[in-house]
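> this is the structure alone, sequence omitted:
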C-alpha cells in the first residue's frame, strides 16, 4: 500500500467530531483524503477535528446537523461535494445509544428517535450521496453498525433494530450499486472506548467506568476508536471487497 492510498479522495463522515467518527476522519485524512464531517452539538470538538485534519495538510470542513433530519443530510452532502470538489467516500457513522429498557418498558418516542438516527437517516444519506459516488471510477459507502445486530442483547431493542435495519440497507445497496463502481461494506464493532460506548455499557451492564470491561475484553482492553478506523481504512483501500460485514470485536464472539 502506498503512503497516501486515499490521495485525491473526498470523504464525508457523519458524526465525525468525536469518538469513532473523529478516529475515522483522522485515519482517512492521514491516508490522503480530504474530509468533511457532520456533528450535532459539540462545535468545539468538530472544530478540533477539522484543525487536526488541516494540520495533516488536508482540506477539511464541518457542518452542523443531525442525521435524523433529512434536510440536514441534504445540506451536508451538498456542501461537502461543493467544498471538496466532489464526493467519492461516505461513512455513515453517526449514532446514539438507547436507554437499556426492556421492550415492555420502552417509550415509543425513544424507539422512533433511535430508528431515525440508525436507519432512516443513513437511508437518506445514501440516497443523496449516490449521484456523487456514481461519478467516480471507484467510490465507497461504509456503514458503521454493531455486533448488537447479531448478538441481540436484552435491553437494547431500539439500538439493535436500528443496526439490523442499516445492515439490510447496506446489503441491498451492494447489490444495486456495484455495477456503478460503488463499494458498499459494513463495519460492526463490539464495545468501543467512547462516550457512547460507556453509555451503552452502563445501560446494559451497569458499569460505572468502561475500564471495568477491560478484564473481560480480548487482549485485555476494550476496542479503541482507532482500531475501528483501521478496519474502515482496509475496506476503502481493498480493491475486491464488496458487500462484506467486517466484525471488529477481537474475536469475542463475532460472526
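Done, it's in. Bear in mind the structure is a predicted one, so any value in this text is a computation, not a measurement.

> need the contact list for residue 192.
19, 20, 222, 223, 224, 225, 228 (C-beta atoms under 8 Å, 6 or more residues apart in numbering). No exception for glycine: its C-beta is placed from N, CA and C like everyone else's.

> for residue 6, same thing?
Contacts of residue 6 by C-beta under 8 Å, 6+ apart are 28, 31, 32, 33, 89, 236, 237.

> out of those, which is nearest to residue 121?
Proximity of the contacts of residue 6 to residue 121 (C-beta to C-beta) peaks at residue 89, which lies at 18.1 Å.

> dump the residue contacts of the nearest residue to the closest one once chain neighbours are set aside.
Of all residues not flanking residue 89 in the chain, residue 11 sits nearest, at 4.0 Å (C-beta to C-beta, 6 or more residues apart in numbering). Neighbour list for residue 11: 25, 28, 33, 34, 35, 36, 87, 88, 89, 90, 91 [criterion: C-beta under 8 Å, 6+ apart].

> partners of the host helix or strand of residue 11, with directions?
Residue 11 is part of strand 10-13, with elements assigned from DSSP states H and E. When sheet partners are counted by DSSP bridges, strand 10-13 sits next to strand 34-39 (parallel), strand 89-92 (parallel).

> want to try JSON lines for these, with distance to residue 203, mean neighbour count and mean pLDDT as columns?
Output for the strands paired with strand 10-13, formatted as JSON lines (distance: least, C-beta to C-beta, whole Å; neighbours: other C-beta atoms under 10 Å; pLDDT from 0 to 100):
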{"stretch": "strand 34-39", "distance to residue 203": "23", "mean neighbour count": "28", "mean pLDDT": "98"}
{"stretch": "strand 89-92", "distance to residue 203": "23", "mean neighbour count": "27", "mean pLDDT": "98"}
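
> with distance to residue 131 added, can I get these in TSV?
Shown next, in TSV, are those (distance: least, C-beta to C-beta, whole Å):
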stretch	distance to residue 131
strand 34-39	16
strand 89-92	12
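
> to residue 56, which of those strands lies closest?
strand 34-39 (9.3 Å).

> show me what the helix or strand following that closest one is in contact with.
Counting by DSSP H and E, the element after strand 34-39 in chain order, helix or strand, is helix 43-55. Contact partners of helix 43-55, identified using C-beta under 8 Å, 6+ apart, comprise 16-18, 22, 25-26, 29, 35, 37, 39, 59-62, 64.

> just the mean pLDDT for helix 43-55, thanks.
Here helix 43-55 scores 98 as its mean pLDDT.

> buried sites along the helix or strand containing residue 128?
In the assignment (DSSP H and E), residue 128 maps to helix 121-133. Using 16 or more other C-beta atoms under 10 Å as the test for burial, helix 121-133 gives 121, 122, 123, 124, 125, 126, 128, 129, 130, 132, 133.

> pLDDT wise, what is residue 253 at?
Confidence at residue 253, expressed as pLDDT, is 68.

> and the longest strand along the chain, what does it pack onto?
In terms of residue count, the longest strand belonging to the chain (DSSP state E) is strand 182-189. Applying 3 or more C-beta pairs under 8 Å, 6 or more residues apart in numbering; DSSP states H and E, one finds that strand 182-189 contacts strand 139-144, helix 157-177, helix 225-237, strand 244-248.

> neighbouring strands for that strand, and are they parallel or not?
In the sheet, strand 182-189 lines up with strand 139-144 (parallel), strand 244-248 (parallel) (DSSP bridges).

> those: which one's closest to residue 112?
Closest approach to residue 112 among those is made by strand 139-144 (20.3 Å; C-beta to C-beta).

> could I get the average pLDDT for that closest one?
Here the average pLDDT along strand 139-144 is 98.

> now swap in stretch 15-22 and tell me
Averaged across stretch 15-22, the pLDDT comes to 96.

> same check on stretch 199-206?
74.

> what's it in contact with?
By C-beta under 8 Å, 6+ apart, stretch 199-206 touches 97-100, 153-156, 159, 191, 207-208, 210, 213.
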